[in-house]
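> sequence and predicted structure, then a few things I'm wondering about:
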Amino acid sequence: MVRTRIAPSPTGQDVHVGSVATALMNFAWAHRNKGQFVVRIEDTDRSRLVPGGEKKMLDTLDRIGLPGDESPKVGGPYAPYRQSERLAVYKKYAEELVKNNKAYYCVCTPERLTKMREEQQAKKQLPKYDRLCLNNQDEVKKKVLAGEKHVVRLKIPDNEEIVVNDLIRGQIKFGTKDIDDQVLLKSDGYPTYHLAVVVDDHLMKITHVIRGEEWLPSTPKHVIIYQSFGWELPVFVHVSLLRNPDKSKLSKRKNPVWTSWYLDEQGIYPEALLNYLALMGWSHPEGKEKFSLDEYVEKFDINDIQTTAPVFDPVKLDWMNGLYIRESQNSNLKTQILEFYKKRKINLDENLVEKTIPLIKERIKKLSGYLPLCEFFFNKPEKYEIDLKSKKDLLKNLGEELEKVKDWKASVIGESMQGLVKKLGVKAGEFFMVVRVAMTGKKISPPLNESMEILGKEECLKRIDQSPRIQ
RNA sequence: GGUCCCAUCGUCUAGCGGUCUAGGACGGCAGGUUCUCAUCCUGUAAACACCGGUUCGAGUCCGGUUGGGAUCACCA
């Protein structure tokens, strides 16, 4: 049985795209092996808790197609899946470690610890707890019994070598002399990540811990905790972090990182985002670039994950999304565009949008590209990218010619205009550019004849008549 | 700075000792289709960080150098 999990912490407003990337692998590995993918909320840091963050994260995971088989939302056999609701569990296990001499109480104040670290750094030593309390456990225990504020620290064994077995990186060795006596239980009764993650992964029978590379340096601590309990280790897989173009860890300072931003602000399809993310550190065995989540689950192998950290490239993401847009049904695309703008409080006329779809399907890469290209369908241009005053005569001729068109269809409009070009002996390219700008305001637009058909005869004639004056 | 991870075109990657004069994709450039743009099609430039080993043979294995990154909290 394979069981994987992701453990988002609601300290951000939404799921980080990097988390989606690792969630995707966890999801795929579990499902490929007919196992379960667990979503567990790690909300043990009360000071950084973002209100509404958890709900948003869970919603985003659902929306993008990676819901947990077990989660705070849907429950499961190992509930609760929210760490703040499991405090008694962690306390029990922390006490067990103290009892077995694998951990100890510490009553040092934050002030003393800060001072201690400063002194160590001044001496160019690595900051590490000096074990003052470990050496006075009898006294410290009395204080604890008397109700003094305290934490529980892990007792790191002296001078041992801890070997972390990482499935994709091999054996990684750490010396315990470099490892600090990690706090396991905080003075507010909440566990730290390190205790909670080990206890929960064990109790929830997680078999594969697939997580970000950032956790690699603290993994030896986790191994020591597992060993202290006498528990079996899961398989560790430390996946490379997504990077900014400058190669630093993908961060909101330098890049948009919230998943909803890509979906709601950019109008990227969830499927396209997943597809793009799937290509970060993994490649389809047949070299395919576009594939469904189902196909990914079928083909994904944890052993094929690359260890090099990839740069997140929004340009390729856009290309990927363009692929999805071009292959989507017109009616679906219409609905997507309508909903996309509705969320931004812009209500577009459904019939009009529907008519424009065939014209823009190959021209936009994401939903946010719709209005910049199509606004002229809904509103008269306010400014013109070329000067139309000097084209007054041309436009006058055009108006008279189009007035004669009875059957207002793209092909007929086109023939009519071609005829005029011939009659006037003007250059076709320049002529159509003038018409284009008169209709749309812009030098770049959807196909002209079709656009004019959609605009309607009356509106086109009005625009021809009015454009030079507005200028 | 200590510890640890990583290293193929600008970017994502294929490559798991010979079939690599290194393949694909995005992006770039050039051309074709076209009343603009886009789509589509064709072509093109562009990489094994460096130095040593191992081997008949190294992009592929080992060591070092350099470079990049992560991490060193009562945050996750």
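Received, thanks. Residues are numbered from 1 along each chain as shown, chains lettered A, B, ... in the order given.

> how many neighbouring residues does A:M25 have?
Residues lying near A:M25 (other CB atoms under 10 Å) number 25. The way it works is simple: take the backbone N, C-alpha and C, and place the C-beta from them, glycine included.

> and if you look at the one 5 residues further on?
Using other CB under 10 Å, A:A30 is surrounded by 25 other residues.

> pLDDT weak spots in chain A?
The model of chain A has pLDDT under 70 over residues A:469-471.

> how is chain A partitioned into domains?
A:3-71+A:242-304, A:86-239, A:329-378, A:389-470 (automatic domain parsing).

> can I get these in a markdown table including distance to A:D318?
Listed next are the domains of chain A as a markdown table, based on distance: least, CB to CB, whole Å:
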| stretch | distance to A:D318 |
| --- | --- |
| domain A:3-71+A:242-304 | 8 |
| domain A:86-239 | 24 |
| domain A:329-378 | 4 |
| domain A:389-470 | 17 |
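
> deepest-packed of those, please.
Most buried of those, by mean neighbour count (mean count of other CB atoms under 10 Å): domain A:3-71+A:242-304, with a mean of 19.

> what about it, how long is it end to end?
19 Å (CA to CA, to the nearest Å).

> do stretch A:169-181 as well
Start-to-end, stretch A:169-181 (CA to CA) is 26 Å.

> for stretch A:232-248, same thing?
Stretch A:232-248: ends 35 Å apart by CA to CA.

> do it and RNA strand B meet?
Yes: Stretch A:232-248 is in contact with RNA strand B by CB under 7 Å from any atom of the strand, via A:S240, A:L241, A:R243, A:D246, A:K247, A:S248.

> next one: stretch A:363-379
Yes: judged by CB under 7 Å from any atom of the strand, stretch A:363-379 and RNA strand B are in contact via A:R363.

> how far off centre is that stretch?
Centre-to-centre, stretch A:363-379 and its host chain are 24 Å apart (CA atoms, centre = their mean, to the nearest Å).

> quick check: A:R153 is in a strand.
Yes: when DSSP: H, G, I helix; E, B strand; the rest coil is applied, A:R153 is found to be in a strand.

> so the residue nearest to it when sequence neighbours are not counted, which of the three states?
Leaving out its chain neighbours, the residue that sits closest to A:R153 by CB to CB, 6 or more residues apart in numbering is A:D181, at 4.4 Å. Classification of A:D181 by three-state DSSP places it in coil.

> and the gap between A:D181 and A:Y105?
As for A:D181, its distance to A:Y105 is 12 Å (criterion: CB to CB, to the nearest Å).

> how close does the residue nearest to A:R153 get to A:R131?
For A:D181, the distance to A:R131 - CB to CB - is 7 Å.

> ok, now A:V421?
Remark: distance between A:V421 and A:R131 (CB to CB) = 90 Å.

> contacts only, for A:V152.
Neighbouring residues of A:V152 by CB atoms under 8 Å, 6 or more residues apart in numbering: A:A94, A:E95, A:L97, A:V98, A:A103, A:Y104, A:Y105, A:C106, A:V183, A:L184, A:L185.

> let's see it at 6 Å
Contact analysis of A:V152 by CB atoms under 6 Å, 6 or more residues apart in numbering lists A:A94, A:A103, A:L184, A:L185.

> now it: closest residue in space, sequence neighbours ignored.
A:L185 (4.0 Å).

> the one you found and A:K92 touch, don't they?
No: between A:L185 and A:K92 there is no contact under CB atoms under 6 Å: 10.5 Å.

> state the helix or strand in which the residue of the stretch 351-471 of chain A found nearest RNA strand B lies.
Per CB to the nearest atom of the strand, A:F432 is where the stretch 351-471 of chain A lies closest to RNA strand B, at 3.1 Å. Using DSSP states H and E, A:F432 sits in helix A:428-440.

> quick one, phi psi at A:K427?
phi -70, psi 130 (degrees, to the nearest 10).

> tell me the residues of the stretch 1-150 of chain A that contact RNA strand B?
Residues of the stretch 1-150 of chain A lying near RNA strand B (CB under 7 Å from any atom of the strand): A:7, A:9, A:11, A:42, A:44-45, A:47-48, A:108-110, A:113, A:117, A:124, A:126-127, A:129, A:149.

> the closest residue to A:I364 other than its chain neighbours and A:P270, how far apart?
Of all residues not flanking A:I364 in the chain, A:Y370 sits nearest, at 5.7 Å (CB to CB, 6+ apart). Per CB to CB, A:Y370 is found 18 Å from A:P270.
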